[in-house]
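**Q** mind folding the following:
(4 chains)
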2 protein chains.
Amino acid sequence: MLGKTTEYAIRALVYIFIQNQEGKRPGFKEISKKIDSPEQFTAKVLQNLARAELISSIKGRGGGFFFDQPATPLTIYDVIRVMEGEKFFSKCGFGLKRCDGESPCPLHDDYAVVRGGFFRLVKKETIQSLANKINEQKAVMTRL
Amino acid sequence: MLGKTTEYAIRALVYIFIQNQEGKRPGFKEISKKIDSPEQFTAKVLQNLARAELISSIKGRGGGFFFDQPATPLTIYDVIRVMEGEKFFSKCGFGLKRCDGESPCPLHDDYAVVRGGFFRLVKKETIQSLANKINEQKAVMTRL
DNA sequence: TTATAAAAAGACATCAATATCTTTTTATAG
DNA sequence: CTATAAAAAGATATTGATGTCTTTTTATAA
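**A** Numbering: from 1, shown residues only, chains lettered A, B, ... in the order given. I've put the predicted structure just below:
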């Protein structure tokens, strides 16, 4: 479904958010260790997230990654949009270049339902809500 | 969602099925033209589908691709399983190597619902049902 | 039995996603 | 001001998905 790069992004954001709650600003080495992702590649992903202004970063001693507005919910939808692009949510399931109610592919109607469910999911869940589940030990961050 | 290769496979199967209904056995050149896919690559995809016994093929003059048992429904699920592998349906949405009710990722429950919807879709729809929609002009095979 | 048509097979080629390595820039501590 | 810590940037590498080209095998028709 999502590319690895997007998965790293979501996991990294959740980890950063949780660390921020404790007043810390983790760096990419720590993050990659904790979310089980390749170190340098994670640095690139974090760079992209910072450029897209989903997070902020500070260079130099004591630097790291953090949320400027931790109270503002950041939906998984927003993360996917930044990482995968907008068309991710509209691509035809049958592979047609164009596909709509006017001249639909044979999967169009059923696929619209499933996609709608996915859309609601990523609009409902946020980095904050995922972090809460982990804080409340209703979910885990990693697993061997 | 699905890889291009799988999309070509599904479109090709639907086209072959429709042609078979008219007593014809299309070859890969005709198929690739009609489903808008690269010619040689489509030949490889068809080879794989034949090796997996989802279709049969005949070499030589008058040869081409066809369904041995056109009356036996072939689900989209079966096609995806052959093309993408079984794990396609169980991969964790958050990217964890293992993820289940015991120690779920923070997307687990919501994701299970969406995936369930997708699973029902691909188990319900078949090459035959897609072909019917096209025959009845309720859907189209390609679009520029 | 030879020419032809078609799929199968094998070898490459290209491109995007994923990943690593090195150098540069920036900030802070001492 | 110098050493150090950290992110940013640039260059390169690897891998898997996608795509092409050439040769081989198989079947049929004439």
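**Q** DNA strand C contacts on chain A?
**A** Counting by CB under 7 Å from any atom of the strand, chain A comes close to DNA strand C at A:3-5, A:8, A:37-41, A:43-44, A:58-63. Yep, even glycine has a C-beta here, placed from its N, CA and C like the rest.
**Q** once you drop chain neighbours, what's closest to residue A:7?
**A** residue B:95 (3.1 Å; CB to CB, 6 or more residues apart in numbering or on different chains).
**Q** please apply the same query to residue A:3.
**A** Counting by CB to CB, 6+ apart, the residue nearest residue A:3 is residue A:84, at 6.6 Å.
**Q** ok, residue A:121 next?
**A** Nearest one to residue A:121, counting by CB to CB, 6+ apart, is residue B:110 at 4.8 Å.
**Q** ok, the one you found touching residue A:122?
**A** No: with contact defined as CB atoms under 8 Å, residue B:110 does not count as touching residue A:122 (9.1 Å).
**Q** quick one, which of those two is more surrounded?
**A** Set side by side, residue B:110 and residue A:122 show more neighbours around residue A:122, with 23 against 19, by other CB atoms under 10 Å in any protein chain shown.
**Q** got the contact list for that one?
**A** The contact partners of residue A:122, taken as CB atoms under 8 Å, 6 or more residues apart in numbering or on different chains, are A:75-77, A:80.
**Q** what residue in chain A comes nearest to DNA strand D?
**A** residue A:27 (2.5 Å; CB to the nearest atom of the strand).
**Q** for that residue, give me the pLDDT.
**A** pLDDT, residue A:27: 98.
**Q** likewise for residue A:142?
**A** 93.
**Q** correct me if wrong: it contacts residue B:94.
**A** No: using CB under 8 Å, residue A:142 and residue B:94 do not qualify as a contacting pair, with a distance of 9.6 Å.
**Q** quick check: neighbours shared by these two?
**A** Common neighbours of residue A:142 and residue B:94 (CB under 8 Å, 6+ apart) are residue A:11.
**Q** between those two, which is the more surrounded one?
**A** With neighbours defined as other CB under 10 Å, residue A:142 and residue B:94 compare such that residue B:94 has more, 24 against 17.
**Q** the residue nearest to residue A:7: what's it in contact with?
**A** Contacts of residue B:95 by CB under 8 Å, 6+ apart are A:2, A:4, A:7-8, A:10-11, B:105.
**Q** closest one of those residues to residue B:127?
**A** Of all the contacts of residue B:95, residue B:127 sits closest to residue A:2, with 27.8 Å by CB to CB.
**Q** what sits against the closest one?
**A** A:10, A:80, A:83-84, B:93, B:95.
**Q** narrow those residues to those that are buried.
**A** Buried members of those, scored by 16 or more other CB atoms under 10 Å in any protein chain shown, are A:10, A:80, A:83, B:93, B:95.
**Q** can you redo these as CSV with pLDDT?
**A** Shown next, in CSV, are the buried ones among the contacts of residue A:2 (pLDDT from 0 to 100):
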residue, pLDDT
A:10, 98
A:80, 98
A:83, 98
B:93, 96
B:95, 97
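**Q** got these as CSV, with distance to residue A:33 and secondary structure columns?
**A** Below are the buried ones among the contacts of residue A:2 laid out as CSV (distance: CB to CB, whole Å; DSSP: H, G, I helix; E, B strand; the rest coil):
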residue, distance to residue A:33, secondary structure
A:10, 17, helix
A:80, 24, helix
A:83, 21, helix
B:93, 22, coil
B:95, 15, coil
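**Q** contacts only, for the spatially most central residue of chain A.
**A** Central residue of chain A (CA atoms, centre = their mean): residue A:10, 3.1 Å from the mean position. Each residue near residue A:10 by CB under 8 Å, 6+ apart is listed here: A:2, A:76, A:79, A:127, A:130, B:94-95.
**Q** and the helices in chain A, which stretches?
**A** A:4-21, A:28-35, A:39-51, A:76-84, A:108-124, A:127-135 (DSSP state H).
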